[in-house]
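Engineer: The following block contains a protein sequence and its predicted model.
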Amino acid sequence: MTTHEIKIEGMSCNHCVMAIQRELAKTGINSFDVQIGSAKVSYDETTIKLDQIEKAIEEAGYKVRRD
């Protein structure tokens, strides 16, 4: 099990949080906690990769900040 904190740009309200939660739920990852500006995700690297999770966030209309 791997856990990552992902920083997200463009979020301003609970609607943004829900939109990302919907996209992450489609990925089948084990656990996630989405807050305005970030998401903490726990997942099995043998079934999904971080870039796939980041792509799901971007498909919801937000930008992943890669520092």
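Structural biologist: Structure's in. What do you need?
Engineer: in this structure, which spans are strands?
Structural biologist: 2-9, 31-35, 38-43, 63-65 (DSSP state E).
Engineer: Columns distance to R22 and mean neighbour count on top of those, output as CSV?
Structural biologist: Heads up, the C-betas are built off the backbone N, CA and C, glycines and all. CSV is the format used below for the strands of the chain (distance: least, CB to CB, whole Å; neighbours: other CB atoms under 10 Å):
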stretch, distance to R22, mean neighbour count
strand 2-9, 14, 14
strand 31-35, 10, 15
strand 38-43, 12, 18
strand 63-65, 16, 14
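Engineer: Which of these sits closest to L24?
Structural biologist: L24 lies closest to strand 31-35 among these, at 4.9 Å (CB to CB).
Engineer: which strands and helices sit next to that closest one?
Structural biologist: For strand 31-35, the packing partners by 3 or more CB pairs under 8 Å, 6 or more residues apart in numbering; DSSP states H and E come out as helix 14-27, strand 38-43.
Engineer: ok, the closest residue to C13 other than its chain neighbours to V17 distance?
Structural biologist: Nearest non-adjacent residue to C13, counting by CB to CB, 6 or more residues apart in numbering: I36, 7.2 Å away. From I36 across to V17, the span is 6 Å (CB to CB, to the nearest Å).
Engineer: For these two, list the residues in contact with both.
Structural biologist: Common contacts of I36 and V17, defined by CB atoms under 8 Å, 6 or more residues apart in numbering, comprise M11.
Engineer: okay, the two: which has more neighbours?
Structural biologist: In terms of neighbours (other CB atoms under 10 Å), V17 is the more surrounded of I36 and V17; the figures are 18 against 12.
Engineer: follow-up on the earlier one: using TSV, please lay out the helices and strands packed on strand 31-35 together with mean pLDDT and distance to D51.
Structural biologist: Output for these, formatted as TSV (pLDDT from 0 to 100; distance: least, CB to CB, whole Å):
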stretch	mean pLDDT	distance to D51
helix 14-27	94	11
strand 38-43	96	12
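Engineer: closest to T3 out of those?
Structural biologist: strand 38-43 (4.6 Å).
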